[in-house]
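Undergrad: predicted model and sequence below, questions to follow.
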Amino acid sequence: MNAADAIHLNYEAYERQMRLFTAKGHDYASADDTLSNSKKFVKIAAALRLGDMIQAEKPEAGFLTMEIHKLIRWCNLRTQGGEPRCETLLDTTDDAMNYLRLAALALAEEATCKESLKVREEASDEQAHCEKLKPCPFCGGKARRNDKLTEGIEGVVECKECGACAFASDWNRRVKA
């Protein structure tokens with residue numbers, strides 16, 4: 001591509017982007033303040049403590065961010081009157097509903113993961129407490145449980161003779177040579 005073609009394509013892209021900027025600006029912000037939607041967003045996000053959720057890498061924060069933008073757009077269009085320039089109010093409403101659905105799915109996935117982890121931990125602890133402990137794989141000494149070392153996360157088994165230790169769920173596993 002020669003320089004003249006590149007410049008021409010850049011001007012076309014700029015004009016296209018400015019048309020979109022103008023149309024979206026009409027739908028999302030007021031004519032008096034181009035940044036009004038962002039100012040409203042910051043206030044709502046602060047009230048909802050979205051920054052904390054983003055910091056904690058909660059996926060629903062992304063969906064709630066989009067939800068806020070859609071609600072501001074919806075309110076702006078309803079109070080200004082006139083026709084939207086980018087998408088219909090019904091499209092905006094549907095988008096907002098879908099962002100809430102996605103946030104709910106993110107929460108459900110998190111709850112499912114936590115429940116699954118809890119069930120696995122309970123099963124592992126139950127199995128470790130029910131199994132008779134094998135002798136130490138290093139010295140053949142007698143093993144004992146020592147749950148104090150891990151502050152309730154998962155029990156530890158240690159050898160009374162040599163002090164070797166492992167998580168309770170791993171102590172009885174042996175690799176065959």
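TA: Now that the structure is in, tell me what you want to look at.
Undergrad: quick one: list the elements packing against the helix or strand containing residue 8.
TA: Using DSSP states H and E, residue 8 falls within helix 3-28. Judged by 3 or more Cβ pairs under 8 Å, 6 or more residues apart in numbering; DSSP states H and E, the packing partners of helix 3-28 are helix 60-80. Placement of C-beta: from N, CA and C, glycine included.
Undergrad: pull out the buried positions in the helix holding residue 8.
TA: Buried residues in helix 3-28, counting neighbours by 16 or more other Cβ atoms under 10 Å, are found at 24-28.
Undergrad: give me the angle between that helix and helix 60-80.
TA: 70 degrees (axes from the mean of the first three to the mean of the last three Cα atoms, to 10 degrees).
Undergrad: now the element after helix 3-28, going C-ward?
TA: helix 36-48.
Undergrad: which elements pack onto that following helix?
TA: For helix 36-48, the packing partners by 3+ Cβ pairs under 8 Å, 6+ apart are helix 60-80.
Undergrad: who touches the helix it packs on?
TA: 27-30, 36-37, 40-41, 44-45, 48, 50, 53-54, 84, 89, 92-93, 95-96, 99-100, 102-104, 106-107 (Cβ atoms under 8 Å, 6 or more residues apart in numbering).
Undergrad: how about that helix as PDB, C-alpha atoms only?
TA: Provided in PDB are the C-alpha atoms of helix 60-80 (Å, rounded to 0.1, in the frame of the first residue of the first chain):
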ATOM      1  CA  GLU A  60     -19.500 -10.300  37.500                       C
ATOM      2  CA  ALA A  61     -17.900  -6.900  37.800                       C
ATOM      3  CA  GLY A  62     -17.300  -6.700  34.100                       C
ATOM      4  CA  PHE A  63     -21.000  -7.600  33.400                       C
ATOM      5  CA  LEU A  64     -22.200  -5.100  36.000                       C
ATOM      6  CA  THR A  65     -20.000  -2.400  34.400                       C
ATOM      7  CA  MET A  66     -21.700  -3.000  31.000                       C
ATOM      8  CA  GLU A  67     -25.100  -3.100  32.800                       C
ATOM      9  CA  ILE A  68     -24.500   0.300  34.200                       C
ATOM     10  CA  HIS A  69     -23.600   1.700  30.800                       C
ATOM     11  CA  LYS A  70     -26.800   0.300  29.300                       C
ATOM     12  CA  LEU A  71     -29.000   1.700  32.100                       C
ATOM     13  CA  ILE A  72     -27.500   5.100  31.800                       C
ATOM     14  CA  ARG A  73     -28.100   5.000  28.000                       C
ATOM     15  CA  TRP A  74     -31.600   3.800  28.500                       C
ATOM     16  CA  CYS A  75     -32.400   6.600  31.100                       C
ATOM     17  CA  ASN A  76     -30.700   9.200  28.900                       C
ATOM     18  CA  LEU A  77     -32.700   8.300  25.800                       C
ATOM     19  CA  ARG A  78     -36.000   8.200  27.800                       C
ATOM     20  CA  THR A  79     -35.400  11.600  29.400                       C
ATOM     21  CA  GLN A  80     -34.200  13.300  26.200                       C
END
